[in-house]
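Trainee: The amino acid sequence is not available; the structure is as follows:
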């Protein structure tokens, strides 16, 4: 529970190693006091009595020090809250009360009929923050309502880390010096986006395992914005929330409310690796459903068949998948409606009678009889103009009256903010999941918002927010009605990955790029914030015909994919008996190390920058190292790997070399691998003896 000063105006929230403190002045200004190493309440009270600097009239003493700056009054920083009423814009709020409930601190303010509640909840060393806005007066328009503003301590030389990319090249890590002004990242596309993950980290001199790191991550699956500002006095603030710009989020009538998504923050003194492990532990404990259950090895039919599928052909693939140890067989796109290409069928969620005469149940039963679970692909938020759904309800898509309806990938976006669309999708998907023994749903989203209009709606801007809320409600409703069904979030690869969708799905599709070498870079960036437990990774065919034509060994492809939730996506009907036998061995090995990979602590031993790269997972008395050698030059020896997270007083049996090593040797001098030549890879298992 948070600690509270006797005067009830200073609050301190603490985790195992960190603390966060804030204070309400006599003038009802809410100030940030501390975010960093753990402190006592007396320390926070001492910080609270320090006077504000006298910057006026050209700078505001509040700027860079307020906990949640609103629009209006003596402020010049980016406001977290911007409201329009009949009288105009601006907020002049006053403090009402604080309350404690279920380890949550709530600070309540009011401006006329608008009640503003700031929420705080510590989960380990991750602090969750969000805001609730309740209107009991005249209608107000929320132009901007950010979830939180994070204030960093005064330091010289801040460096910003972010994950950027595009389709098939997501989650690439870049670090750059932070300069004066604002750095803004986000998405105006209606979904999280391939271009940026909603996460930033800041440090001054951190390494992988040492130094202070501050991180922030937003849990929102629609358009979003995070702004990192270095202010004129060198202070740094991070502001983030739903919506990309200030054109309007929602209009709240009397009796209506809005709750922002969570914007979580973390301080760590364990470097980038320590911060990642803390983020991973937080998500496994508080975000990911059933995170203590390891995800199965899957086979997905897309790269093997694309749209040319049939029940008989899927049965052939299922037999081969079962023979190599696959545990979940997934039929991808092409099983429904008139879906023989990407030009038709989206929206008609009934099995194609020519391809599946008895529906999906016979194939599902057959897959179950082979000892595997059964899954399907869907894209519920989309519709093809060539579909029964669109012909019946052309008004159900996002569009601007009198304007051309933009098609991307030959499809339009359903207006999920409409209650009739929500109910249609519920009925279709509930019936589908009830009609066959379906254990898994790959939920895709293959295009961005473009013509985001809603003719006839008095406030059409609300579809940007309401679409996401409707998606969440639909997923929640389906999970409640079908608790045995697992869901994967996909958006043309990694276009919808965030803490919001992750709280409702069991894993995410990291990228459509399945090239094993490219994947090492993508997975390295992904691991900065998200754990291997949700990171789906496939072994596909060589050459990589989907993307770049690169040739790689089955060994390299498997070890690359084993760093996350292992899947197979190649055309097993074309694999040789030797390849199938080798695949079976790799799948068996993955099942042995799976608990370590999916639930262990991750150590990034060497980044994928050419040459040798490696990751290590530690769980209890066991560890596993996955290592890849991209190229070996001039006969130079492969560098040793210095391991982490081991007991220096213990001995460990190494299952690559058969040797016994002291933990101190592995920690300080390293382990030499048997890697040699170009595109080699290995799995090294260590067990305490």
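Mentor: In hand now; what should we look at? On a predicted model such as this, the values are computed, not experimentally measured, just so you know. Residues are numbered from 1 along each chain as shown.
Trainee: Can you give the contact residues for the lowest-mean-pLDDT helix or strand in the chain?
Mentor: Lowest on mean pLDDT, DSSP states H and E among the helices and strands of the chain sits strand 88-89, with a mean of 88. With CB atoms under 8 Å, 6 or more residues apart in numbering as the test, strand 88-89 has contacts from 71, 72, 82, 83, 143. For glycine as for every other residue, the C-beta is placed from the backbone atoms N, C-alpha and C.
Trainee: Could I get the average pLDDT for the helix or strand where residue 479 lies?
Mentor: For residue 479, the enclosing helix or strand under DSSP states H and E is helix 463-481. For helix 463-481, the mean pLDDT works out to 98.
Trainee: Just give me the neighbour total for residue 180.
Mentor: 9 (other CB atoms under 10 Å).
Trainee: Numbering from 545 from now on, please.
Mentor: Taking 545 as the first residue, the last one we looked at is residue 724.
Trainee: Not counting sequence-adjacent ones, nearest residue to it?
Mentor: Nearest residue to residue 724, sequence neighbours excluded (CB to CB, 6 or more residues apart in numbering): residue 774, at 4.9 Å.
Trainee: and what of residue 991?
Mentor: Nearest non-adjacent residue to residue 991, counting by CB to CB, 6+ apart: residue 952, 4.1 Å away.
Trainee: for the one you found, phi and psi?
Mentor: phi -120, psi 130 (degrees, to the nearest 10).
Trainee: Would you confirm that it contacts residue 993?
Mentor: No - the pair residue 952 / residue 993 is not scored as a contact, 10.0 Å apart, by CB atoms under 8 Å.
Trainee: Of those two, which one has the most company?
Mentor: residue 993 (19 against 13).
Trainee: so who does the more buried one touch?
Mentor: Residue 993 touches 733, 734, 735, 767, 942, 957, 1008, counting by CB under 8 Å, 6+ apart.
Trainee: out of these, who's nearest residue 789?
Mentor: Nearest to residue 789 among these: residue 767, at 8.7 Å, using CB to CB.
Trainee: Please, where are all the helices along the stretch 745-894 of the chain?
Mentor: Here the stretch 745-894 of the chain has its helices, by DSSP state H, counting those that start in this stretch, at 815-830, 846-849, 855-867.
Trainee: Just say helix, strand or coil for residue 1122.
Mentor: Under DSSP: H, G, I helix; E, B strand; the rest coil, the three-state class of residue 1122 is helix.
Trainee: Please read the previous query as pertaining to residue 1228.
Mentor: Counting by three-state DSSP, the backbone at residue 1228 sits in strand.
Trainee: Would you check that my belief about residue 1028 contacting residue 984 is correct?
Mentor: No - look at residue 1028 against residue 984 with CB under 8 Å: they stay out of range, at 9.7 Å.
Trainee: Please identify which of these two sits among more neighbours.
Mentor: Remark: of residue 1028 and residue 984, residue 984 carries more neighbours, 22 against 11, as counted by other CB under 10 Å.
Trainee: and the more buried one, what does it touch?
Mentor: Applying CB under 8 Å, 6+ apart, we find residue 984 in contact with 842, 872, 874, 917, 918, 919, 920, 1029, 1030, 1031, 1032.
Trainee: Around the nearest residue to the second one once chain neighbours are set aside, count how many other residues there are.
Mentor: Closest residue to residue 872 apart from its sequence neighbours, by CB to CB, 6+ apart: residue 842 at 4.0 Å. The number of residues packed around residue 842, counting by other CB under 10 Å, is 26.
Trainee: Please apply the same query to residue 1216.
Mentor: Residue 1216: 14 surrounding residues under other CB under 10 Å.
Trainee: pLDDT wise, what is the most centrally placed residue in the chain at?
Mentor: In the chain, the residue lying closest to the centroid (CA atoms, centre = their mean) is residue 1042, at 2.8 Å. Residue 1042 carries a pLDDT value of 98.
Trainee: Looks like residue 927 contacts residue 934 (just checking).
Mentor: Yes - between residue 927 and residue 934 there is a contact at 5.0 Å, judged by CB under 8 Å.
Trainee: Could you list every helix and strand that the helix or strand hosting residue 1209 packs against?
Mentor: In this assignment (DSSP H and E), residue 1209 forms part of helix 1207-1212. Under the contact definition 3 or more CB pairs under 8 Å, 6 or more residues apart in numbering; DSSP states H and E, helix 1207-1212 sits against strand 1195-1198.
Trainee: Show me what the strand it packs on is packed up against.
Mentor: In terms of contacts (3+ CB pairs under 8 Å, 6+ apart), strand 1195-1198 is packed against strand 1204-1206, helix 1207-1212, strand 1224-1232.
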